[in-house]
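> with the input below, show me the fold.
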Amino acid sequence: MTNGLTHDIHRAATWSLVLSVLMIAAGALAIALPMIAGVAVTAIAAYLLIFSGVLHLALAWRGGRPAAVLWETLLGVVYGATGVYMLWNPLLGLESLTLAVAIYLWLAGVLEVILSDRLRPAPGTWWMLFNGIITLVLAVGIAVTWPASAAWVIGTIVGIRMLFSGIARLMFSTAVRRLVR
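Numbering: from 1, shown residues only. The predicted structure is shown next:
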């Protein structure tokens, strides 16, 4: 490698290390304070819904036909109103997101079990079955404790994801830095 390219890669890997440490810290904080992290995720989702609602309203007038304009406008209002409601009532929004996650996990678990059955003679399908069962257990665990589980589910899941993403990024960045030395 050229010296300039090596320097650029080393610098990028250094910044990636810094980002990794910040992700690990944010993930640990989210796991330690899952309710606050969950409300923060709810607020982000609410702002995204409001933004989407505004876009639907702005694009409604390009629908051409009156029926298309009407449906696009109604969709924009529903998105925007849902986002505003979630900002006004972040705990209810968090409960809704938690229920949505439980439903998603249940559907994913059922599909994983079905897929493992369909692919049964293939090697490794027991892992798919195991993953499906664990996913179903997690979904049921969240659902039967809902709405109380809203206090920890979203924040903990986001925290775990950030923590492990940070660790993976840290390991990758460290390996890249070693290669370019």
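> buried stuff in stretch 116-128?
Burial within stretch 116-128, assessed by neighbour count using 16 or more other C-beta atoms under 10 Å, is assigned to Ser116, Met128. Any C-beta I mention is one placed from the backbone N, CA and C, and that applies to glycine too.
> give me the residues contacting that stretch.
Glu112, Leu115, Leu129, Gly132 (C-beta atoms under 8 Å, 6 or more residues apart in numbering).
> out of those, which are buried?
The buried subset of the contacts of stretch 116-128 (16+ other C-beta under 10 Å) comprises Glu112, Leu129, Gly132.
> now the first one. Nearest residue, chain neighbours left out?
The shortest distance from Glu112 to any non-neighbouring residue, by C-beta to C-beta, 6 or more residues apart in numbering, is to Gly132 (3.1 Å).
> just the pLDDT at that neighbour, thanks.
pLDDT for Gly132: 90.
> Trp88 too?
Reported pLDDT for Trp88: 95.
> from Thr174, how far off is the residue nearest to the spatial centre of the chain?
Geometric centre of the chain, nearest residue: Val158, 6.6 Å, by C-alpha atoms, centre = their mean. Noted for Val158: a distance of 24 Å to Thr174, by C-beta to C-beta, to the nearest Å.
> same question, Ser149
In terms of C-beta to C-beta, Ser149 sits 36 Å off from Thr174.
> now do the SS call for Gly64.
coil (DSSP: H, G, I helix; E, B strand; the rest coil).
> contact partners for Val176?
Counted by C-beta under 8 Å, 6+ apart, Val176 has contacts Ile9, Ala13, Ser16.
> what's the separation between it and Ala139?
38 Å.
> okay, and the helix or strand of this protein with the least pLDDT?
None of the helices or strands of the chain scores lower by mean pLDDT, DSSP states H and E than helix 153-180, at a mean of 88.
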